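> Need coordinates for the below:
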Amino acid sequence: MKKIIRSVISLILFAVLLVCSTSAVSDLLRDRVNTSKYDRFYSEKEDFDVLFFGSSRVLDGVAPMQLWKDYGIRSYNMAQHNENVLVSYWQLKNALNYQTPKVVFFDVSLFSANIVTPDSEKGLQAYLHKSLDHMPFGITKIQAVNALTDGYDLNEYLFPLAIYHNRWSTLDEEAAVPEQTFMGGEDRIKLEYQLVGAWDDSLVLDRDAFNPDLLGMNDVIELCREHDVDVVFTCVPAAGEKNQSYFYPAINGFAKYFEEKGVPFLNFCRDDLFINGRTDYADGTHLNPSGSRKLTQAFGEYLVSNYTFDEPDAETKAVWDEDYEKYVLTRTGEILGCIGNDDVYGYLMLISGTEEFSVKVLVPSEDYDLDRRIKNFLFDMGFFPDSYMVDPTSDVVLLRLVDLRSSSVVAEMRLPAQT
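Purely as a prediction, here's the structure:
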């Protein structure tokens, strides 16, 4: 009998060791781009004040380091590329196992309810890895994988060793080091003009045709209540979606549903007058750094108007201040990269509204007329005409980057000729 018991215990221990070792090797080999975004979330000792969930529209639209600098709010951007509301629910459920924020913002602008099946495009499977690979192995992850894949391939998402095994040949010290992210945020440094149309409140999908409960909205509400966390639903700006006939009725349907449930809903697609279609979009559905700064400010104003947050202790404050300085250094590198690539629009969108940088435009004479597109862009971003200076000693138009903290010129670039 004792021999049987020892054998059973040995088998159990072997199974536990096999699971742990497989998980550990998978963690090392898997794509760090999928997981490093969340490293700081799991390592943070204190609870975040705010967490953001949603698709890449939120990922590119909310800058946690700006929330810290401007409002003293400690937040984390948990959003991920192509993440629909069903996936975001499981992201939220996993996050609340490790953190108890005061407020959760849950975006519904990507409201599809697709799950991954064997017939799904490889791209969809890859996006799901981005959302699931970082989750520690446990009950929540098992439930999430089963729900989001209909149980068709639990092993690929629970133990993705098979799809990452060939990374042994390229694994080096750098690949094993976490990539620097700033509380999960991301920049999309690109400019694309978008026509921002007026919202139509009259179109609302009937509940029989569009039931938010089937998209897990009530589950999100109940989950947050269980954890004593306030949830605020959102729809972040997406100019391109306004051209789609289904978008107005669906989002208006969400608004009616959340009103009935007694939970707040911020429809920034409807109330988006603070977004400039000429300067703030990277494409039809994503904000660039200029737009992100404005959306983050809108979130910050909402938070300080409706909540009071505890002051962090001196040690925590020092860590976040240091993170912000690293963030500024990274931004400086991005700005200099735009200058090196003659990307005047990327350069301007990165520094608009910042306290650290400004620009000075030097022209040869008072009657010199700037390139119309650049002049309009400067004006829309608040740099014109205060940034306009005459330098009669120069025969070219220069755009100088000024570090406001030291009042020094960091770099300069030549502007295009008049058009």
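
> How about residues contacting stretch 328-336?
Identification of contacts with stretch 328-336 by CB atoms under 8 Å, 6 or more residues apart in numbering yields 180, 182, 187, 189, 346-347, 350-351, 354, 356-357, 401, 410-411. Bear in mind the C-beta positions are built from the backbone N, C-alpha and C, glycine included.

> So which of the residues you listed sits lowest on pLDDT?
Note: of the contacts of stretch 328-336, the lowest pLDDT belongs to residue 180, at 53.

> Show me the residue at the heart of this structure, geometrically.
residue 59 (1.5 Å; CA atoms, centre = their mean).

> Now, the contacts of stretch 328-336 that are in strands?
Secondary structure from DSSP state E places 357, 401, 410, 411 of these in strands.

> Contacts only, for the last one.
With contacts defined as CB under 8 Å, 6+ apart, the neighbours of residue 411 are 335, 336, 339, 400, 401.

> do the third one as well
Applying CB under 8 Å, 6+ apart, we find residue 410 in contact with 332, 336, 357, 401, 402, 403.

> Spell out the secondary structure type for the first one.
Going back to what we said before, that points to residue 332. Counting by DSSP: H, G, I helix; E, B strand; the rest coil, the backbone at residue 332 sits in helix.

> pretty sure residue 224 is touching residue 232, no?
No: using CB atoms under 8 Å, residue 224 is not in contact with residue 232; the gap is 9.7 Å.

> quick one on the thing from earlier: which of the ones in strands among the contacts of stretch 328-336 sits closest to residue 274?
Taking CB to CB as the measure, residue 274 lies nearest residue 357 of the ones in strands among the contacts of stretch 328-336, at 21.1 Å.

> In space, what's closest to the closest one - neighbours in sequence excluded?
Leaving aside its sequence neighbours, residue 357 sits nearest to residue 351 (CB to CB, 6 or more residues apart in numbering; 4.0 Å).

> Am I right that the one you found is in contact with residue 401?
Yes: shown here, residue 351 and residue 401 form a contact pair, counting by CB under 8 Å, at 7.2 Å.

> contact partners of stretch 349-359?
Here stretch 349-359 makes contact (CB under 8 Å, 6+ apart) with 69, 187, 189, 191, 279-280, 288-290, 293-294, 297, 328, 331, 334-335, 338, 348, 378, 381-383, 387, 399-405, 410.

> hmm, which of those are the buried ones?
For those, a neighbour count by 16 or more other CB atoms under 10 Å gives the buried set as 69, 187, 189, 191, 279-280, 288-290, 293-294, 297, 328, 331, 334-335, 338, 348, 378, 381, 383, 387, 399-402.

> Mark which of the residues you listed are part of helices, please.
Secondary structure defined by DSSP state H assigns 69, 289-290, 293-294, 297, 328, 331, 334-335, 338, 348, 378 of the buried ones among the contacts of stretch 349-359 to helices.

> okay, who's weakest in those by pLDDT?
Out of these, that is residue 378, at 81.
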